[in-house]
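Q: With the input below, show me the fold.
(one chain, ligands or ions: 3)
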Amino acid sequence: METPPPELRRDPVTGVWSILATGRSRRPGAVPGAGAEPACPFCPGNEGLTPPEVWAAGRDGSPPDTPGWTVRVVPNLYPAFMPEARGRGWRRGTRTGRPARGEHEVIVNSPHHDRSLGDMEPAEAAGLLRAWRERYRHFASRPSVKHVQIIINHKREAGASLDHPHTQVFVMPMVPRAVADELREFRRFPGGKCPLCASVEEAREDKRTVAENGTCTCFVPYAARGPFEMRLAPLHHQPDFAAVEDGVLADMAELLIRTLGGLSKVLGNPAYNLWLHSSPCDGKDHRRYHWHVEVVPRIIVSAGFELSTGMCLNVLAPEEAARLIRQACA
Ligand SMILES: [Zn+2]
Ligand SMILES: [Zn+2]
Ligand SMILES: [Zn+2]
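A: Numbers count the residues shown, from 1 in each chain. Ligands and ions are numbered 1, 2, ... in the order given. Model prediction:
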């Protein structure tokens, strides 16, 4: 049976957009107890189990869809956004929606089944971030694309349906609410300054800095949503991830390895969600935005209070969280 293309639906009471992508319920591990996959589709030698690759790094003469890659990119078999989802939006009474036009890719982080980002060698992680930038640039330059969302779900408890570490790239026809909210804060911040640049200095004052290197910093935000949330950013103000230089990417890779390693030591390899936030590619002026990476460990379940209020209830002081991770990764 053909699955209908995914669509975006807007709730008239909350204003929140949801994606209806019924095909995703068929993905491995989506339904609890549905059984393990027979072979890992992301391991070298199993390239035939994925759709044909669209990009790869590290190939030294080896043909596509064979081993020999260091990073490999394939379309997601169960996309949340599809090029085929075309046409106009609709409004029937309160029922507002539009086709979920876009793309959804998987970046296989490395050939190693058990090597998460925090366990990588610096050169390997830098190669992965260069792949992020490559795919980001590839999509961000298209007029129909308004936002490119890059994420890692680490472990099943954080939503990963396959164990082999991988990144997902969501190519979106709209700016998502979380990014729109951040853009508003960046625009509103007094004095034409950048709230992220300003908070880097305050994090140092408060001893909420976890680690720094030549061009990047990692700190626990003053109003962290939960225990051990981390924010990583380049020290120089830069709105657009597409513009990041190789040296900064290498520093960001080194800092991610170090701080995720510290997090893993403190919490015993916790599940986490990690994402990149960059200025949207909707053609508007976002010079005041500052790209960053956020890491949210999944050690607390969002409950009724969080869902009913949109607020978070943190039980660990950010200063204490920063101290613990800083010690573990020193
Ligand atoms: Zn694997
Ligand atoms: Zn800034
Ligand atoms: Zn953000």
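Q: quick one: V296 and L263 touch, right?
A: No. Applying Cβ atoms under 8 Å, one finds V296 not in contact with L263, separated by 10.7 Å. Where you see a C-beta, it was placed from the backbone N, CA and C, and this is true even at glycine.
Q: Tell me which of those two has more neighbours.
A: Using other Cβ atoms under 10 Å as the criterion, V296 and L263 rank with L263 on top: 25 against 21.
Q: And the pLDDT for the more buried one?
A: For L263, the model assigns a pLDDT of 98.
Q: From the contact counts, what lies against the helix or strand containing it?
A: L263 is part of helix 246-267, with elements assigned from DSSP states H and E. For helix 246-267, the packing partners by 3 or more Cβ pairs under 8 Å, 6 or more residues apart in numbering; DSSP states H and E come out as helix 122-140, strand 209-212, strand 216-219, strand 230-234, strand 292-297, helix 318-329.
Q: for the ones you listed, which one sits closest to F170?
A: helix 122-140 (9.6 Å; Cβ to Cβ).
Q: Tabulate the CA atom coordinates of the next helix or strand after the closest one in PDB.
A: Reading on from helix 122-140 to the C-terminus, the next helix or strand found by DSSP H and E is strand 147-154. Extracted in PDB, the C-alpha atoms of strand 147-154 (Å, rounded to 0.1, in the frame of the first residue of the first chain):
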ATOM      1  CA  HIS A 147      15.700  25.900   7.300                       C
ATOM      2  CA  VAL A 148      18.100  22.900   7.600                       C
ATOM      3  CA  GLN A 149      17.900  21.100  10.900                       C
ATOM      4  CA  ILE A 150      20.800  18.800  11.800                       C
ATOM      5  CA  ILE A 151      20.400  16.400  14.800                       C
ATOM      6  CA  ILE A 152      21.900  13.400  16.500                       C
ATOM      7  CA  ASN A 153      19.800  11.100  18.700                       C
ATOM      8  CA  HIS A 154      22.300   9.200  20.900                       C
END
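Q: Name the residues that touch strand 147-154?
A: With Cβ atoms under 8 Å, 6 or more residues apart in numbering as the contact definition, strand 147-154 has outside contacts at 109, 116-117, 132, 135-136, 139-140, 159-160, 165-172, 174-176, 179, 271-276, 278, 280-282.
Q: hmm, which of the residues you listed are the buried ones?
A: Buried members of the contacts of strand 147-154, scored by 16 or more other Cβ atoms under 10 Å, are 109, 116-117, 132, 135-136, 139-140, 160, 165-172, 174-175, 179, 271-276, 278, 280-281.
Q: For beta bridges, what are the partners of the residue positioned nearest the centre of the chain?
A: Centroid check for the chain by Cα atoms, centre = their mean gives I151 as the closest residue, at 1.9 Å. I151 has these beta-bridge partners by DSSP bridges: Q168, W275.
Q: Residue numbers of the stretch 101-250 of the chain in contact with ligand 2?
A: Neighbours of ligand 2 within the stretch 101-250 of the chain, by Cβ under 5 Å from the ion: C194, L196, C197, H237.
Q: Can you report phi and psi for the closest residue to S116 other than its chain neighbours?
A: Spatial nearest neighbour of S116, chain neighbours left out: P165 (4.8 Å); criterion: Cβ to Cβ, 6 or more residues apart in numbering. Main-chain torsions, P165, degrees, to the nearest 10: phi -60, psi 130.
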